[in-house]
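Q: Sequence and computational prediction follow.
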Amino acid sequence: LGGLMRESYYRWEGGVQWKLVLAQLLVQDFFQTMMHFVEHLVTPLYKRSHKPHHVFLSPTLFDAFHGSFADTLLMITVPLFATQRIVPSNLWSYIAFGAIFSSWLVLIHSEYHHPWDPLFANLGLGTPGDHHVHHALFSRNFGHLFTYWDRVLRTYTSPEAVFAKPDARFTKPDEEISRGKGQLPPRVARP
C-alpha cells in the first residue's frame with residue numbers, strides 16, 4: 001500500500017504473537033476511545049460524523065455497521081493506521097487482531113446479555129451493557145474493546161447503575177436517569 005503499512009505486516013513468519021495482538025488491541029482502543037470522545041466533545045464534528053449512529057438508542061447487532069464516512073474514518077481508519085505504525089507485527093498477528101477487533105465491535109452492539117459478560121466486565125473488557133450505557137447517556141463509556149480508558153478519563157458508568165431491570169434484553173434507562181441524573185455535561189454534544 002505504497003508504504004502506508006509497516007513492512008513487518010507483510011511477513012508470514014512467526015505465527016500469531018499474542019503479546020503483540022494484545023498490544024494492538026490496547027493501542028487501537030486507546031485511539032478509538034479518544035476519537036470517539038473528541039467527536040462527542042466537538043459539536044459540529046459530532047453532528048457531521050457520529051450523530052447518525054446515535055439514532056440507535058438501544059442498538060442491535062447490525063447497528064455496528066451504521067456509521068457515516070467521517071465516523072468510520074475517525075473512529076476506525078485513523079486508529080487502525082496509528083496502531084500499525086506503533087505496534088510492529090507480522091501478518092498472522094495482524095489477522096488475529098483484526099478478527100478479534102471487528103468481532104468485538106459487532107458484539108458490543110448486541111441487544112442481548114451474553115453469559116460471559118460478567119467475566120469480561122471483571123477483566124475490564126467492554127460488554128454490550130457498557131456500550132448501551134453510551135447510547136443511553138451519550139457522555140459515558142466511549143471505549144469499545146476495554147473499559148480502561150474510560151476509567152482513566154472518569155467517563156465509565158456500569159450498566160447496573162443505568163438500567164433498572166436487567167433481563168435478557170436491554171431496557172430503557174430507569175426513571176431517575178430520564179429525570180435528569182443522566183444529563184450530559186454542557187460541552188458534550190447531545191444527539
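A: Nice, I can see it.
Q: where do the helices sit along this protein?
A: For the chain, applying DSSP state H gives helices covering 18-41, 43-49, 69-72, 78-86, 91-107, 117-122, 128-137, 148-153, 159-162, 175-176.
Q: Comparing the ones you listed, which comes out most buried?
A: Between the helices of the chain, the one whose residues have the most neighbours on average, counting mean count of other CB atoms under 10 Å, is helix 128-137 (a mean of 23). Backbone N, C-alpha and C define where each C-beta goes, glycine included.
Q: That one - contacts with which helices or strands?
A: In this structure, helix 128-137 makes packing contacts with helix 117-122, helix 159-162, judged by 3 or more CB pairs under 8 Å, 6 or more residues apart in numbering; DSSP states H and E.
Q: What does the residue nearest to the spatial centre of the chain show for phi and psi?
A: Among the residues of the chain, the smallest C-alpha distance to the mean C-alpha position (CA atoms, centre = their mean) belongs to residue 144, namely 1.9 Å. Taking degrees, to the nearest 10, you get phi -120, psi -50 for the backbone angles of residue 144.
Q: who touches it in this structure?
A: 29, 32-33, 36, 104-105, 108, 126, 131 (CB atoms under 8 Å, 6 or more residues apart in numbering).
Q: Quick check: which of the helices of the chain is nearest to residue 58?
A: Of all those, it is helix 128-137 that lies closest to residue 58, at 6.5 Å by CB to CB.
Q: Pull the distance from that closest one to the chain's centre.
A: Relative to the mean C-alpha coordinate of its chain, helix 128-137 is positioned 10 Å out (CA atoms, centre = their mean, to the nearest Å).
Q: Also stretch 135-147?
A: The gap between where stretch 135-147 is centred and where its chain is centred comes out at 7 Å by CA atoms, centre = their mean.
Q: so how far is the first residue of that stretch from its last?
A: 15 Å (CA to CA, to the nearest Å).
Q: what comes into contact with stretch 22-33?
A: The list of residues contacting stretch 22-33 from outside it, by CB under 8 Å, 6+ apart, reads 75-76, 78-80, 82-84, 86-87, 89, 93-94, 97, 100-101, 142-146, 148-150, 153.
Q: repeat that for 7 Å
A: Stretch 22-33 is contacted by residues 75, 78-80, 82-83, 86-87, 89, 97, 100-101, 142-146, 149-150 when judged by CB atoms under 7 Å, 6 or more residues apart in numbering.
Q: would you list the helices and strands packed on helix 128-137 in CSV and tack on mean pLDDT and distance to residue 24?
A: As requested, the helices and strands packed on helix 128-137 are arranged in CSV below (pLDDT from 0 to 100; distance: least, CB to CB, whole Å):
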stretch, mean pLDDT, distance to residue 24
helix 117-122, 94, 18
helix 159-162, 86, 27
